[in-house]
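**Q** Task: produce atomic coordinates for the following.
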Amino acid sequence: MPYASNGTISTDWHEGSIEITDDQYAEALAGMCSGLVVSIEGGFSVSAPVIPPLPEPPKMTPEQVKAATLGMRDELLGVATRRIAPLQDAIDLGEDTPADVENLKLWKQYRVALSRIDQQPGFPGTVAWPAAPN
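**A** Just a heads-up that it's a prediction; the model follows:
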């Protein structure tokens, strides 16, 4: 005769197990192969595992929000600076194209807008991030 306990089935009795029918054993075996779990709480059952909800993430302090926002700004400023450098080099060397001049202007405007996010109303909790040039 087969047996079941919470999370297991067996053909041998073990501490905390209950006797189940051959049909229940087959149901449990098929269910476990499909990711279901066996429970004997309130009687034999095979069902989806109960996954507890994730805890709410801790709320950030105003200082943490400001630090995170300024950190994001600094990362984006770094990207802008890396995009500006070769465009500026082309212009400095007289090897620029009209597209280089226009792109340099757009990237510099973007970088200035990023540097001024702390002047926006609602900063640091609400920030209207400027769109990066293409």
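**Q** in this protein, which helix has the most residues?
**A** For the chain, the helix reaching the highest residue count under DSSP state H is reported as helix 62-92.
**Q** chain center to that helix, what's the gap?
**A** 23 Å (Cα atoms, centre = their mean, to the nearest Å).
**Q** Helix, strand or coil: sort out P57 for me.
**A** What DSSP: H, G, I helix; E, B strand; the rest coil gives for P57 is coil.
**Q** ok, it to S47 distance?
**A** Using Cβ to Cβ, to the nearest Å, P57 is found at 29 Å from S47. C-beta here means a position set from N, CA and C on the backbone, and glycine is covered the same way.
**Q** of those two, who's got more company?
**A** Applying other Cβ atoms under 10 Å to P57 and S47 shows that S47 carries more neighbours, namely 10 against 6.
**Q** hey, what's the more buried one bridged with?
**A** V37 (DSSP bridges).
**Q** residue contacts, it?
**A** Residues in contact with S47, defined by Cβ atoms under 8 Å, 6 or more residues apart in numbering, are G31, L36, V37, S39.
**Q** List the buried residues in whichever strand or helix holds the first one.
**A** Using DSSP states H and E, G31 sits in helix 22-33. The neighbour-count criterion (16 or more other Cβ atoms under 10 Å) identifies Q24, Y25, E27, A28, G31 as the buried residues of helix 22-33.
**Q** Touching, the fourth one and S39? I think so.
**A** Spelled out, that is A28. No: checked against Cβ atoms under 8 Å, the pair A28 and S39 is beyond contact range at 9.9 Å.
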